[in-house]
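Peer 1: Model the structure of this input:
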Amino acid sequence: MSQFELIFFPLPESTFGWSSEAFFLWEARLNGIIIDAINTRMTLTFFYNGESREVEPHCYGLDNNGHEALRAFQINKGWRMFHVSEIAGLRGGGRHFSGPRPGYAPGDSHMAQIFAQI
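Peer 2: Numbering: from 1, shown residues only. Next comes the predicted model:
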């Protein structure tokens, strides 16, 4: 089992002056970690709003407001929608989970476009 880690960096439009190439590489790696976790049914861990989270990712795409979003079942908390831009310290390659949690509906109605889903 492989483990991936991504540290959240400021978006390129910040004062740090990222090039578009650097942002593309960062975004591609982030997308790959999330999509791989959905396809292999592996948990993700990250920080969100200052709290450590462990989730079973179910659906990833653009929400109805155009934000990159992750629909996931947070262990011991239930269903959550996370804005990807607010995720920090993303780690993939966690524990395997068997499949969709009760209450999951493929084709999430809160998503305008889906990149990957169980």
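Peer 1: My guess is G103 contacts W79. True?
Peer 2: Yes. Contact criterion CB atoms under 8 Å: G103 and W79 qualify, at 6.3 Å. C-beta here means a position set from N, CA and C on the backbone, and glycine is covered the same way.
Peer 1: Could I get the full set of strands for the protein?
Peer 2: 4-5, 44-48, 51-63, 68-74, 78-83, 87-92, 111-117 (DSSP state E).
Peer 1: most packed of those?
Peer 2: For the strands of the chain, average neighbour numbers computed from mean count of other CB atoms under 10 Å are highest in strand 68-74, which has a mean of 22.
Peer 1: Run the chain-centre distance for it.
Peer 2: 6 Å (CA atoms, centre = their mean, to the nearest Å).
Peer 1: what sits up against that strand?
Peer 2: Applying CB atoms under 8 Å, 6 or more residues apart in numbering, the external contacts of strand 68-74 come out as 34, 44, 53-63, 79-85, 87, 101, 104, 108, 110-111.
Peer 1: Scan the helices and strands of this structure for the one with the lowest mean pLDDT.
Peer 2: strand 4-5 (a mean of 44; mean pLDDT, DSSP states H and E).
Peer 1: so what's H96 bridging to?
Peer 2: Beta-bridge partners recorded for H96 (DSSP bridges): M42.
Peer 1: so how far is M42 from it?
Peer 2: 6 Å (CB to CB, to the nearest Å).
Peer 1: Compare these two (neighbour count), which wins?
Peer 2: M42 (21 against 11; other CB atoms under 10 Å).
Peer 1: Could you pull up the residues touching the more buried one?
Peer 2: 1, 36, 92-97.
Peer 1: same thing with L62?
Peer 2: Neighbouring residues of L62 by CB under 8 Å, 6+ apart: 68-69, 111-113, 115.
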